[in-house]
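# what's the 3D shape of this:
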Amino acid sequence: MITIDNSEPVDIVRMLEPVIPVHIRALNQERWADYKWEGESVSHWPKHDGTYHCERKTWTDLAGGVEEIENQLREQREHHPQSLHRLIIEGAIEPHPMGVLVYVRSSGKSVMVPRQLG
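The predicted structure is shown next:
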């Protein structure tokens, strides 16, 4: 089973439900990342209790403030030091003469469209 924060997009929940049981809960209020699940402990990390959690961000989120994201990740790590923590960066990015092009999903479609940042 995977637990997903209640602020995550519904389409991600719908995509996962056919392959794994999904539980929705306010994970972020408990200082967990957006996705949490239990698994086997990592043998080379004695403190690991078998809990995994992943924070999902977009390239637009990163462009908006890396320091804020770093602080959030640090806080999650400090509150759950026994868990294995990961960061998922969603989307695609490429350099542009006027900054950066970030590809974001078009509303209601499975198409990525470029948006200039910078």
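# show me the residues around the spatially most central residue of the chain that make contact.
A centroid search over the chain (C-alpha atoms, centre = their mean) returns Arg56, at 1.3 Å, as the residue closest to the centre. By C-beta atoms under 8 Å, 6 or more residues apart in numbering, Arg56 lies in contact with 8, 33-35, 88, 90. Glycine gets a C-beta too; all of them are placed from N, C-alpha and C.
# Give the residue farthest from the middle of this protein.
Pro97 (28.8 Å).
# where does this protein dip in pLDDT?
For the chain, applying pLDDT under 70 flags the ranges 118.
# Filter the contacts of Arg56 down to the buried ones.
Neighbour counting with 16 or more other C-beta atoms under 10 Å marks 33-35 as buried within the contacts of Arg56.
# Which ones among the residues you listed lie within strands?
If you go by DSSP state E, these have Tyr35 in strands.
# could I get the buried ones among the contacts of Arg56 as CSV with distance to His48?
Formatted as CSV, the buried ones among the contacts of Arg56 follow (distance: C-beta to C-beta, whole Å):
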residue, distance to His48
Ala33, 15
Asp34, 20
Tyr35, 17
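# which one of the buried ones among the contacts of Arg56 is nearest Met1?
Set against Met1, the nearest of these by C-beta to C-beta is Tyr35 (11.4 Å).
# Count the neighbours of the spatially closest residue to that closest one that is not a sequence neighbour for me.
Nearest residue to Tyr35, sequence neighbours excluded (C-beta to C-beta, 6 or more residues apart in numbering): Cys54, at 4.5 Å. Using other C-beta atoms under 10 Å, Cys54 is surrounded by 16 other residues.
# Looking at the protein, which helix is longest?
In the chain, taking DSSP state H as the definition, the longest helix is helix 66-79.
# just the angle between the helix or strand following it and helix 66-79, please?
Going down the chain from helix 66-79, the next helix or strand is strand 84-90, by DSSP states H and E. Orientation check (axes from the mean of the first three to the mean of the last three C-alpha atoms, to 10 degrees): strand 84-90 against helix 66-79 gives 150 degrees.
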